[in-house]
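Q: kindly generate the corresponding structure for this input.
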Amino acid sequence: MGSVKIAIIGVGNCASSLVQGIYYYRDKNPDDVNGLMHWDIGGYKPYDIEVVAAIDIDKRKVGKDVSEAIFAKPNCTTVFYKDVPKMGVEVVMGKVLDGVAPHMKNYPEDRTFIVADAKEAEKEDIIDVLEDSGAEVALNYLPVGSEEATKFYAECCLEAGVGLVNCIPVFIASNDSWARRFEKKGIPIVGDDVKSQVGATITHRVLAKLFSDRGVKIDRTYQLNVGGNTDFLNMLARDRLNSKKISKTEAVQSVMNSRLDSDNIHIGPSDYVPWLNDNKLCFLRLEGRLFGDVPMNLELRLSVEDSPNSAGCAIDAIRCCKLAMDRGIGGPLISISAYTMKHPPQQFPDSVAKEMVEEFIQGKRER
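A: This next block holds a predicted model:
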């Protein structure tokens, strides 16, 4: 089938885990695989993904080979494959826009972004990078709250004819106007806001669906998340969290038999704890009423390494996006978006979304 040529926008912890994983799975075979939802998607294996372009704004990454940049500060995720070979792909300077929250400058250099002393890229520069590299799919890994920056790179993808996997909660695939533009251009898009393989949102959805399916009336629920990576540091700026809270809340509300009033559901990032690094702690609580309106509650504590958890879904989203390009399909990809994203164009229960993805891979479903 050849390779899947990708461009990475934001060489942070999530990009580090993804790139490590591409090489990690080169040493595996189908009978010796852990941590993947799919080994083969339309003939594409995990190791068929090839990074051909990378964009960042941090001075410790710009100008470096991707193989070095993924391990540069402030990245702090687990290194599970340290022997990533030199790739011959240099990280180029992007455009900052709202990609860096103002408060980030108040933290130690090894914890925060340091904007490179280089000329920022313009739209034409990014389009040239995408076209010259032969990138087929771009992966948006910008910080939460990067509304203008995400729209800037989405425009570049439209101009360059590159598919987009939008891993952050800026609504592109799930926005009718943007969706129509990608469909008109015949360019596939997967989004928005990537789920984890087994993370806070997917766990919350499963439990909420369980309650609803078993006839338990959910009265109230919360999901509180803390972590120590740059994502959590960035999200200390509460004004950057609006779309994130909408995305995570809607992901849970959508699987309930009846929606909760806003006062009875609280879901979102809660605080930054530096020493946690890329570990994410989630605290869940659901309160409901059983037979005879007898009250019950469930509490759960989840601890996960955030970025590898994300890469487990991104690696499928990338390959499905490429498969859509091979088939000449443009616009939002409904099935893989519902399966791997918190705020897809259409919400489905996870078990249904999984079946839809299998049908898409087999060619029985267009999107």
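Q: tell me the SS of the spatially closest residue to residue 305 that is not a sequence neighbour?
A: Once flanking residues are discounted, residue 305 sits nearest to residue 78: 5.2 Å by C-beta to C-beta, 6 or more residues apart in numbering. All C-beta atoms are positioned from the backbone trio N, CA, C, and that covers glycine. Three-state call for residue 78 (DSSP: H, G, I helix; E, B strand; the rest coil): coil.
Q: residue 91 versus residue 116, what's the distance?
A: Distance, residue 116 to residue 91, by C-beta to C-beta, to the nearest Å: 10 Å.
Q: hey, what's in contact with both of those two?
A: Listed as contacting both residue 116 and residue 91 by C-beta atoms under 8 Å, 6 or more residues apart in numbering are 61, 62, 63.
Q: pull out the buried members of the residues you listed.
A: 61, 62 (16 or more other C-beta atoms under 10 Å).
Q: and which of the shared contacts of residue 116 and residue 91 is nearest residue 140?
A: Distance to residue 140, by C-beta to C-beta, is smallest for residue 61 among the shared contacts of residue 116 and residue 91, at 16.3 Å.
Q: name the element the closest one belongs to?
A: Assigned by DSSP states H and E, residue 61 belongs to no helix or strand.
Q: how close does it get to residue 352?
A: Look at residue 61 and residue 352: by C-beta to C-beta, they are 39 Å apart.
Q: how many neighbours does residue 70 have?
A: For residue 70, the count of nearby residues is 27 (other C-beta atoms under 10 Å).
Q: rewinding a little: I'd guessed the residue nearest to residue 305 sits against residue 311; true?
A: No: in this structure, residue 78 is not within contact of residue 311 by C-beta atoms under 8 Å, at 11.1 Å.
Q: common neighbours of these two, please.
A: With C-beta under 8 Å, 6+ apart as the test, residue 78 and residue 311 both reach residue 17.
Q: who's more crowded, these two?
A: Shown here are residue 78 and residue 311; by other C-beta under 10 Å, residue 311 has more neighbours (28 against 16).
Q: returning to what we had before: residue 116 and residue 91: which has the busier surroundings?
A: Taking neighbours as other C-beta under 10 Å, residue 116 and residue 91 compare with residue 91 leading, 26 against 19.
Q: can you confirm that one is in a helix?
A: No: counting by three-state DSSP, residue 91 is not found in a helix; it is strand.
Q: would you enumerate the residues in contact with it?
A: 11, 54, 55, 56, 61, 62, 63, 64, 65, 66, 69.
Q: report how many residues lie close to the last one.
A: Using other C-beta under 10 Å as the criterion, residue 69 is surrounded by 26 other residues.
Q: skipping adjacent residues, who's closest to it in space?
A: Nearest non-adjacent residue to residue 69, counting by C-beta to C-beta, 6+ apart: residue 61, 4.0 Å away.
Q: ok, the one you found touching residue 11?
A: Yes: applying C-beta under 8 Å, one finds residue 61 in contact with residue 11, separated by 5.2 Å.
Q: which residues do these two both contact?
A: Taking C-beta under 8 Å, 6+ apart as the criterion, residue 61 and residue 11 both touch 69, 91.
Q: can you show me the strands along this protein?
A: Remark: strands assigned in the chain by DSSP state E are 4-9, 49-56, 91-93, 137-140, 163-166, 188-190, 217-227, 265-272, 279-289, 295-305, 331-332.
Q: could these go into TSV alongside distance to residue 347 and mean pLDDT?
A: Shown next, in TSV, are the strands of the chain (distance: least, C-beta to C-beta, whole Å; pLDDT from 0 to 100):
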stretch	distance to residue 347	mean pLDDT
strand 4-9	26	98
strand 49-56	27	98
strand 91-93	35	98
strand 137-140	21	98
strand 163-166	16	98
strand 188-190	15	98
strand 217-227	17	97
strand 265-272	15	92
strand 279-289	19	98
strand 295-305	22	98
strand 331-332	13	98
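Q: let's have the ones you listed in CSV, adding distance to residue 317.
A: As requested, those are arranged in CSV below (distance: least, C-beta to C-beta, whole Å):
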stretch, distance to residue 317
strand 4-9, 11
strand 49-56, 11
strand 91-93, 22
strand 137-140, 8
strand 163-166, 5
strand 188-190, 5
strand 217-227, 22
strand 265-272, 22
strand 279-289, 20
strand 295-305, 19
strand 331-332, 12
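Q: find me the pLDDT at residue 70, would you?
A: On pLDDT, residue 70 comes in at 98.
Q: which ones are touching the closest residue to it other than its chain neighbours?
A: Distance criterion C-beta to C-beta, 6+ apart; nearest residue to residue 70, sequence neighbours excluded, is residue 16 at 3.9 Å. By C-beta under 8 Å, 6+ apart, residue 16 lies in contact with 70, 71, 75, 77, 307.
Q: of these, which is the nearest to residue 317?
A: Among these, and counting by C-beta to C-beta, the member closest to residue 317 is residue 307, at 15.0 Å.
Q: retrieve the pLDDT associated with that closest one.
A: At residue 307, pLDDT is 97.
Q: so it sits against residue 80, correct?
A: No: contact status for residue 307 versus residue 80: not in contact, 10.5 Å apart, counting by C-beta under 8 Å.
Q: out of the two, which sits in the busier spot?
A: Shown here are residue 307 and residue 80; by other C-beta under 10 Å, residue 307 has more neighbours (27 against 13).
Q: ok now do that one, which residues does it touch?
A: 12, 13, 14, 16, 17, 77, 78, 229, 278.
Q: output those residues in a markdown table; the columns should cover pLDDT.
A: Below are the contacts of residue 307 laid out as a markdown table (pLDDT from 0 to 100):
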| residue | pLDDT |
| --- | --- |
| 12 | 98 |
| 13 | 98 |
| 14 | 98 |
| 16 | 98 |
| 17 | 98 |
| 77 | 98 |
| 78 | 97 |
| 229 | 97 |
| 278 | 98 |
